Structures are given as C-alpha cells and as structure tokens.
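S.K.: With the input below, show me the fold.
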Amino acid sequence: MKTQAFSQFTPLLCPITRKDPKKRVVITGMGVISLPGNNVDTFYERLLNGENRVGLIDKFDASELATRFGGQIRDFDTNGYIDQNDDERLDPFLSYPIVSANKALELASLDVQQCLQINKERSGIILGSGLGFLSVFSKSWDCLVDSGYVKIPDVLHSFNANKAGAILAANLGFTGPNYTIAAACATSNYCLCAAANHIREGEADLMIAGGTDGSFNNFSVASLSATRALSTRNYDPQLASRPWDKDRDGFVMGEGAGVLVMESLEHAMKRDAPIFAEFLGGSLNCYAYHITNPRPDGFGVSSCMQNCLVNAGVSVEEVSYINAHGTSTMVGDVAEAKAINEVFKFNKTIKVNSTKSIIGHCLAAAGGVEAIATIKAIQTGWLHPTINQFNLESVVEFDTVANEKQQHEIDVAISNSFGFGGHNSVIAFSAFRP
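M.R.: Numbering: from 1, shown residues only. Take a look at the predicted model:
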C-alpha cells in the first residue's frame with residue numbers, strides 16, 4: 001500500500017505506520033442483529049439475494065401515523081446470552097448489542113475459557129446508541145398518564161445507553177476503556193474509530209465496538225415522521241427505500257446492532273485468532289451547517305472521505321468499493337453522490353452500494369451493521385445490490401450495483417455514515433495481508 005494520499009492533507013493527518021504490529025488493528029470477530037438475520041453469514045447471504053423484509057409496523061398501533069412501516073425485527077431471541085433477570089427487564093436496544101457482542105466474541109475464538117487467558121485490564125468496550133432509550137421513555141410516559149407516579153416501573157437501568165457496555169464488562173471482566181458515544185446515525189463509526197485509537201495508542205489490546213438502536217415505538221416514529229425524513233410509501237413498503245432513485249421520498253426506519261471485535265495485530269497473532277479484515281483508519285468531522293440537512297455541495301462528506309484515506313494511508317485508486325450512507329433522502333443522496341464524484345473522479349472502476357436499500361436505516365446501528373457488510377464483501381468478493389433502482393439521479397456518476405449482486409475484487413473499501421447534527425464519519429478496511 002502507498003504510504004500517503006492527498007498530499008495537501010498530510011500536514012493535518014499523518015498516515016499510520018503499518019509495519020509495527022502494535023499499531024495495526026485487525027477485525028477478529030463480528031456480530032449482527034438485523035432484519036435479514038442474526039447470524040453474520042445468513043445476514044450477508046440475504047443481502048446478496050436482495051431479500052427485502054420491510055413491512056408494516058406491529059409493535060404498536062401506527063395506523064394514525066404518516067409512516068406505518070419499517071425494518072422492524074421480529075425474530076430476535078437472546079438465546080441464553082443474557083441472564084433471566086436482565087432478559088426480562090432490558091429494552092431491545094440494550095439486548096441487541098449484548099447478544100451481538102457475544103456472537104462476535106465466539107467468532108473471534110474467545111469463549112469463556114479463552115477470555116480468561118487475555119489481559120482484562122487491556123480489553124475494553126465502546127458501544128453507541130441514538131434513539132433507543134425512547135422506547136423506555138414512551139412506555140414510562142404512557143404508564144405515568146394512565147396510572148400516575150406510583151405505577152411507574154423501575155426503568156432507570158434501561159434509560160442509560162451505557163448499560164449494555166456495563167453488563168458486558170461485568171460478565172466478561174473487561175476493565176479497560178468503557179464508554180458510550182452518541183453521534184446520531186454516525187455513532188457506530190465514531191465508536192469503531194475510538195476503539196482503534198485506544199489500540200493504536202497502546203492503551204488496549206482488544207476492544208468490542210459498535211452501535212445499536214431499537215426505536216420502533218410511537219414516539220420515535222412520530223418524531224422522525226414529523227421531520228419529513230421518512231418515506232410515506234405505505235402502499236408498497238418494500239419499494240420505499242430507493243437510494244439515488246429520482247422517485248425516492250425519504251428513508252425507511254430500521255433497527256438492530258452491529259458489533260466488531262478489534263485487536264492489535266500483535267495480540268491477535270499471539271493467540272492465533274481468525275482475522276477477517278484490517279481496519280486501516282477513519283475520519284470524523286462536522287458540517288457545521290444545518291441540524292438535519294447536509295451542505296448541498298457535499299463538502300463535509302468529501303473532506304471526511306479524503307481525510308479517511310490519508311489516515312488509512314491509501315490512495316484514491318486503491319479504493320475499489322464504497323458502502324455508502326445512501327439513505328434514500330432527497331438532499332442527502334445528492335450531497336453524498338456529489339462528494340463521491342469529487343473524491344473518486346479519477347477512479348472509474350469503483351463500485352458503490354447502499355445496504356439501507358434492503359434493510360432500512362438502522363440509525364445509530366447503521367455503521368456497525370454496514371461495517372460487517374463491507375468486511376463480508378471483502379471476504380467473499382461479492383457486492384450486494386442496491387435494490388429499487390429504477391430511475392437514477394443524473395448526478396450519479398458511479399456504478400450503484402443496481403438490483404443485482406456483482407462479483408468484484410476488493411482490496412480496500414470505505415464505509416460512510418452521516419448523522420443529524422452534521423456528524424460525518426468514514427472508515428476504511430482492507431483484506432488482511434500479513
């Protein structure tokens with residue numbers, strides 16, 4: 001790999017040194033809770049098939065809302081990963097990451113006995129969330145209105161977004177860095193970047209990181225609907241999420257969790273761990289423009305992608321795949337397309353797809369779920385389609401992998417996640433090379 005890219009940015013961000021195994025960060029485990037499935041391989045197989053399971057909401061009565069459908073998970077089971085007391089009390093937005101983290105650890109060959117062999121003081125957890133706690137708030141509010149203060153249940157543990165990380169730490173004995181990040185829909189990537197930095201700075205050998213959201217309740221859906229960000233295609237939900245299509249009318253709400261086990265290469269090799277990909281680097285910035293809308297020219301996105309490449313130490317030409325934010329919103333899709341056109345204008349072989357076209361927008365969990373999709377693309381050499389591509393926006397100058405999966409050799413890939421508030425985040429992965 002080239003040691004630098006975008007020389008005009010190098011005074012601000014220096015490429016990492018990948019000869020030192022203590023500085024290299026690798027992915028050794030992945031866990032997902034998602035609409036297509038709660039097993040990583042099943043999840044990706046269904047993405048490749050373009051299986052769309054978006055449907056009408058039935059977790060509450062949505063009949064009076066402008067949007068009455070979404071990517072609601074219906075087949076979730078904690079499968080013994082959470083003890084009975086917590087299983088009965090925890091809201092799904094907390095259960096999702098606990099289960100997915102345990103699955104990621106299993107994939108990383110870190111069962112209970114093997115966890116005893118690692119340094120717990122140098123093992124940490126960073127999990128983020130966005131609107132998850134609103135489910136608990138909504139239930140408590142209804143109880144308050146119906147029965148008064150006396151009948152409000154003890155839900156304080158579920159209001160705290162850091163609860164999932166706390167439970168995991170207690171169960172695993174991990175006493176390293178442990179905190180929660182909230183950066184709207186960019187949250188997961190913020191967590192992954194922070195986890196990688198703890199490893200690069202020598203503060204940790206292993207980190208569990210990712211994001212979660214479980215927001216199907218009347219309060220959250222109604223609030224997002226009020227922003228006019230959600231699609232109202234109630235008559236045909238499976239055709240609603242259509243990134244870069246001229247007839248899109250908003251994003252489709254989803255939920256779930258995506259969690260990675262990240263380790264220093266040195267630590268992973270010492271314990272002979274499976275290595276699925278390498279985390280090359282990332283970048284975070286802010287539009288500082290508008291709370292919900294991106295800059296029309298896409299500048300915040302383009303600069304974030306450029307800085308990510310510098311941090312990762314790769315050139316534009318080395319990137320062969322982008323897992324786009326691609327939400328299916330009117331302004332956001334165009335801004336991201338313009339940014340991709342600008343940064344990758346000399347890369348004519350790049351492929352770009354949107355996982356959200358199939359599963360909806362998982363909010364704070366989106367980046368974690370899409371990081372797993374990106375890594376699986378690197379592993380398998382297959383890109384899942386961007387479905388519902390019928391009438392492409394003229395601004396799009398790249399291959400969107402429209403409607404059918406494509407075989408594509410990938411060495412370096414980036415994944416974009418952007419959030420309300422102007423939060424931008426881009427992360428880069430590559431196939432692992434010893």
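S.K.: Who are the contact partners of Tyr289?
M.R.: By C-beta atoms under 8 Å, 6 or more residues apart in numbering, the residues touching Tyr289 are 295, 300, 422. (Glycine included, C-beta is placed from N, CA and C.)
S.K.: Out of the residues you listed, the closest to Ser415 would be?
M.R.: Closest approach to Ser415 among the contacts of Tyr289 (C-beta to C-beta): Gly300, at 16.4 Å.
S.K.: Identify the bridge partners of Ile322.
M.R.: Beta-bridge partners for Ile322, by DSSP bridges, are Val352, Ile414.
S.K.: Kindly provide the distance from it to Phe429.
M.R.: 11 Å (C-beta to C-beta, to the nearest Å).
S.K.: One more: Gly173?
M.R.: Look at Gly173 and Phe429: by C-beta to C-beta, they are 29 Å apart.
S.K.: low-scoring stretches of the stretch 201-350 of the chain, by residue?
M.R.: Counting by pLDDT under 70, the stretch 201-350 of the chain contains no low-confidence segment.
S.K.: ok, of the contacts of Tyr289, which one's closest to Ser264?
M.R.: Using C-beta to C-beta, the shortest approach to Ser264 within the contacts of Tyr289 belongs to Gly300, at 31.0 Å.
S.K.: quick one: the strands in the chain?
M.R.: Ranges of strands within the chain are 25-33, 55-56, 69-70, 123-129, 178-179, 206-213, 256-264, 277-286, 319-323, 351-353, 382-383, 406-407, 412-419, 423-430, based on DSSP state E.
S.K.: do you know which of those strands lies nearest Asp87?
M.R.: Taking C-beta to C-beta, strand 25-33 is the member of the strands of the chain nearest to Asp87, at 14.5 Å.
S.K.: gap between the closest one and the chain center?
M.R.: Taking the mean of its C-alpha atoms, strand 25-33 sits 12 Å from the chain's own mean (C-alpha atoms, centre = their mean, to the nearest Å).
S.K.: cool, stretch 66-82 as well?
M.R.: Relative to its chain's centre, stretch 66-82 lies at 17 Å (C-alpha atoms, centre = their mean).
S.K.: Over to stretch 160-177?
M.R.: Remark: stretch 160-177 is offset 20 Å from the chain centroid, using C-alpha atoms, centre = their mean.
S.K.: Stretch 391-398 now?
M.R.: That offset, for stretch 391-398, works out to 25 Å (C-alpha atoms, centre = their mean).
S.K.: residues in contact with that stretch?
M.R.: Outside stretch 391-398, the residues that touch it by C-beta under 8 Å, 6+ apart are 244-247, 333-334, 337-338, 340-341, 344-345, 350-352, 400, 402.
S.K.: among the residues you listed, which ones are buried?
M.R.: Neighbour-count burial within the contacts of stretch 391-398 applies to 244-245, 333-334, 337-338, 340, 344, 350-352, 400, 402; the criterion is 16 or more other C-beta atoms under 10 Å.
S.K.: picking that back up, so which of the contacts of stretch 391-398 are in helices?
M.R.: 333-334, 337-338, 340-341 (DSSP state H).
S.K.: want to try TSV for those residues, with distance to Leu94 as columns?
M.R.: Output for the ones in helices among the contacts of stretch 391-398, formatted as TSV (distance: C-beta to C-beta, whole Å):
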residue	distance to Leu94
Asp333	32
Val334	36
Ala337	36
Lys338	38
Ile340	35
Asn341	40
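S.K.: Pick the one among these closest to Leu105.
M.R.: Closest to Leu105 out of the ones in helices among the contacts of stretch 391-398 is Ile340 (34.6 Å), distances taken as C-beta to C-beta.
S.K.: For Ser188, see how far away that closest one is.
M.R.: 20 Å.
S.K.: okay, the strands of the chain, which one's buried deepest?
M.R.: Comparing the strands of the chain by mean neighbour count (mean count of other C-beta atoms under 10 Å), strand 206-213 comes out on top with a mean of 33.
S.K.: in its sheet, what does that strand sit against?
M.R.: In the sheet, strand 206-213 lines up against strand 123-129 (parallel), strand 256-264 (antiparallel) (DSSP bridges).
S.K.: Output the ones you listed as TSV; include the columns distance to Leu284.
M.R.: Output for the strands paired with strand 206-213, formatted as TSV (distance: least, C-beta to C-beta, whole Å):
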stretch	distance to Leu284
strand 123-129	13
strand 256-264	16
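S.K.: Out of those strands, which is closest to Val99?
M.R.: strand 256-264 (7.6 Å).
S.K.: For the strands of the chain, give me JSON lines that also has distance to Val395.
M.R.: Shown next, in JSON lines, are the strands of the chain (distance: least, C-beta to C-beta, whole Å):
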{"stretch": "strand 25-33", "distance to Val395": "32"}
{"stretch": "strand 55-56", "distance to Val395": "31"}
{"stretch": "strand 69-70", "distance to Val395": "27"}
{"stretch": "strand 123-129", "distance to Val395": "31"}
{"stretch": "strand 178-179", "distance to Val395": "39"}
{"stretch": "strand 206-213", "distance to Val395": "29"}
{"stretch": "strand 256-264", "distance to Val395": "29"}
{"stretch": "strand 277-286", "distance to Val395": "22"}
{"stretch": "strand 319-323", "distance to Val395": "15"}
{"stretch": "strand 351-353", "distance to Val395": "13"}
{"stretch": "strand 382-383", "distance to Val395": "21"}
{"stretch": "strand 406-407", "distance to Val395": "21"}
{"stretch": "strand 412-419", "distance to Val395": "16"}
{"stretch": "strand 423-430", "distance to Val395": "19"}
